[in-house]
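Novice: Quick one, fold the following:
(2 chains)
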There are 2 protein chains.
Amino acid sequence: MRTLFATFALIAAPAGAADAPALSPGEIVAAAPAADWVPIAPADLLVMTLAADARGKPRQIVIQLIAPPFSQPWTANIRTLAKAHWWDGLAIVRAQDNYVVQWGDPDAEDAAKARELPVELVQTLEEGYTLRMESTTVVDGQASGIVQRPQPDLPLDTDAYAPKAGFLAGWPMAQSPTQPGRYWPVHCYGTVGVGRNLSPDAGTGAELYAVIGHAPRHLDRNIAVVGRVIEGIEYLSTLPRGTEALGFYSTPEERTPIASIRLASDLPQAEQPRFEYLSTQSAAFARYAHARANRSDEFFIAPAGGADVCNIPVPVRQTPASG
Amino acid sequence: MRTLFATFALIAAPAGAADAPALSPGEIVAAAPAADWVPIAPADLLVMTLAADARGKPRQIVIQLIAPPFSQPWTANIRTLAKAHWWDGLAIVRAQDNYVVQWGDPDAEDAAKARELPVELVQTLEEGYTLRMESTTVVDGQASGIVQRPQPDLPLDTDAYAPKAGFLAGWPMAQSPTQPGRYWPVHCYGTVGVGRNLSPDAGTGAELYAVIGHAPRHLDRNIAVVGRVIEGIEYLSTLPRGTEALGFYSTPEERTPIASIRLASDLPQAEQPRFEYLSTQSAAFARYAHARANRSDEFFIAPAGGADVCNIPVPVRQTPASG
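Specialist: Numbering: from 1, shown residues only, chains lettered A, B, ... in the order given. As a prediction, this is how the structure comes out:
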């Protein structure tokens, strides 16, 4: 029983911590040195602009695409679709409470009206939805240099869905119960995945969803995870829920139009959003994870002694202006 | 490692299940016998009516209060406040994405303007936020008969925050790591809890919140859990997020007014909502939990082999009209 809490609970407790006032997770992140932040390449950012809301307010959502080696057939398709302006004028088609918001072509199932796809269907995948780490290379921050490593970053902790879950190159990951060298990216709040029909269809990336509720971890290894919303999730999570089965909207008028989806690298330089994430290899991240699992800042009276991987969101922020 | 998945994964697999077509969790619930459903007493239902939305649409939310023995000092206060119509005309004061929506008196901190409370502060609590089960009695469906039992219902499974988590009398519960006879109700999506200031303040129940994001299990044992939203959560989860720290609204105009909060038992009989939940002692619930942890209906290709307690929501439905 003790070992359940071993990793998040015990790692990285700083020397003398018992005497020092406990920092909150947010304070730990704010104090992290600049070198611990990894810039996200503009080519890995998807900028989604919804039609303005009822008050005329613009709604911009930024999605970070997952880095190699994970889910690359789908992220390649997504880049192609963004470059083709394929989503422009399409819509949010579904909003299901405590589950997902989904977007794409409302007429996708109607061959006569469906918008033509400039990408190939991803029908089969040798590696499936998981990856064997010893045979591959992990890329940490494409713009800023490549870090190769065959094993996930610490910490790894007990998980209800896998023997262990933890972080790798800035992403929450779980470890295969049957093949310990095999990992997969997990579904947390804000995760973006690829809608598909029944297997062997694996989706193209044209139909995407974002998680707006409790982590639907049962989707892990059943659907490709391609990214996460790092800004503007509230424009998706507050959309009116659809009243049809699975939260689909019952009329076209209920759908929110997509003005455009672009790769940030295809925007004029001045309009490119700039983000960075806290390296999951850094000591600051380990301290942050420890603090999330053992809240002992002022408000808390009973630290949990553990946390699930989706309750330790990887810190992401806009890159501060250089001074 | 194997034992991690033992309980949700292995319990209640029906004989011959390998040959039968797999039912989805929803299909299992729909097929549950009427006797497995436990009526919720109208005295345990809180009916919250928000001001109509911008299109004049009414917004009604129904909250089930947690049954004895859990959190009774607070639920007693909440009953008193509802009977006094105390919340009428107050407001939703906070909406923080992936966390909580909170309501109460916006002027609570201003002694000159705060609405007077007809209840005593719950400042200290001998039992704290957890309960020793062997010394107490659990009530399952107050209206329909009392079931006494000293231990939680199965299933219990591994949890990132406790040695085990499972269900008791219709509620998700976790087991103390240091005192195995001690349990506490956990924070999942839709859970309603009691806002408080710094300990030893434990809140009165006048300031309440509902979870609208990933289960904030670090709040367990730090805040009193008093209920769960069983209808209308979308009227809370889609509210515009507040722009101040912690999602508080920056102006009174942004707040959503509360028209009224009543106990269902204080409404005219014809207006009383009627709900029931699937007994967590029933074979149908065990099958449902097993299916949630091992999705093998048509869409799924890789069953998870486990699930966290908040990804197995206790089925609640409107009581079917007797025919």
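
Novice: Which residue ranges of chain A form helices?
Specialist: A:6-10, A:25-30, A:72-83, A:233-237, A:283-293 (DSSP state H).

Novice: do the fourth one and chain B meet?
Specialist: Yes. On the criterion C-beta under 8 Å from any C-beta of the partner chain, helix A:233-237 is in touch with chain B at A:233-234, A:237. Backbone N, C-alpha and C define where each C-beta goes, glycine included.

Novice: what packs against that helix?
Specialist: Packing contacts for helix A:233-237, counted by 3 or more C-beta pairs under 8 Å, 6 or more residues apart in numbering or on different chains; DSSP states H and E, involve strand A:59-65.

Novice: mind listing what the strand it packs on pairs with, with the direction of each?
Specialist: strand A:45-50 (antiparallel), strand A:225-231 (antiparallel) (DSSP bridges).

Novice: Sort out which residues of that strand are buried, please.
Specialist: Neighbour counts over strand A:59-65 (16 or more other C-beta atoms under 10 Å in any protein chain shown) mark A:59, A:61-65 as buried.

Novice: could these be laid out in TSV, adding pLDDT?
Specialist: Below are the buried residues of strand A:59-65 laid out as TSV (pLDDT from 0 to 100):
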residue	pLDDT
A:Arg59	97
A:Ile61	98
A:Val62	98
A:Ile63	98
A:Gln64	98
A:Leu65	96
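
Novice: Going by distance to A:Trp103, which of those wins?
Specialist: Distances from A:Trp103 to the buried residues of strand A:59-65, taken as C-beta to C-beta, are shortest for A:Ile61 (10.0 Å).

Novice: Okay, and the beta partners of the closest one?
Specialist: A:Met48.

Novice: thought it was touching A:Tyr235?
Specialist: Yes. Counting by C-beta atoms under 8 Å, A:Tyr235 is a contact partner of A:Ile61 at 5.7 Å.

Novice: Now for those two: what residues contact both?
Specialist: A:Leu50 (C-beta atoms under 8 Å, 6 or more residues apart in numbering or on different chains).

Novice: low pLDDT regions in the stretch 51-200 of chain A?
Specialist: A:123-127, A:132-156, A:180 (pLDDT under 70).

Novice: Write out the residues of it neighbouring chain B.
Specialist: A:54, A:97-98, A:129, A:157-163, A:177, A:188-190, A:198-199.

Novice: Buried ones only from these, please, as a ChimeraX command.
Specialist: Of those, the buried ones can be selected in ChimeraX as follows, counting by 16+ other C-beta under 10 Å:
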select /A:97,98,129,157,158,159,160,161,162,163,177,188,189,190
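
Novice: show me what contacts the residue nearest to A:Glu27 when sequence neighbours are not counted?
Specialist: Once flanking residues are discounted, A:Glu27 sits nearest to A:Asp297: 7.7 Å by C-beta to C-beta, 6 or more residues apart in numbering or on different chains. Listed by C-beta under 8 Å, 6+ apart, the contact set of A:Asp297 reads A:22-24, A:27, A:291.

Novice: And for A:Glu276?
Specialist: Contacts of A:Glu276 (C-beta under 8 Å, 6+ apart): A:37-40, A:316-317, A:319.

Novice: okay but A:Ala284 is in contact with A:Pro33, surely?
Specialist: Yes. Contact status for A:Ala284 versus A:Pro33: in contact at 7.1 Å, counting by C-beta under 8 Å.

Novice: okay, these two: which has more neighbours?
Specialist: Between A:Ala284 and A:Pro33, counting by other C-beta atoms under 10 Å in any protein chain shown, A:Ala284 is the more crowded of the two (20 against 9).

Novice: nearest residue to the residue most central in space within chain A other than its sequence neighbours?
Specialist: What sits nearest the mean C-alpha location of chain A, by C-alpha atoms, centre = their mean, is A:Arg228, with 2.4 Å. Nearest residue to A:Arg228 in three dimensions, chain neighbours excluded: A:Gly190, at 4.9 Å (C-beta to C-beta, 6+ apart).
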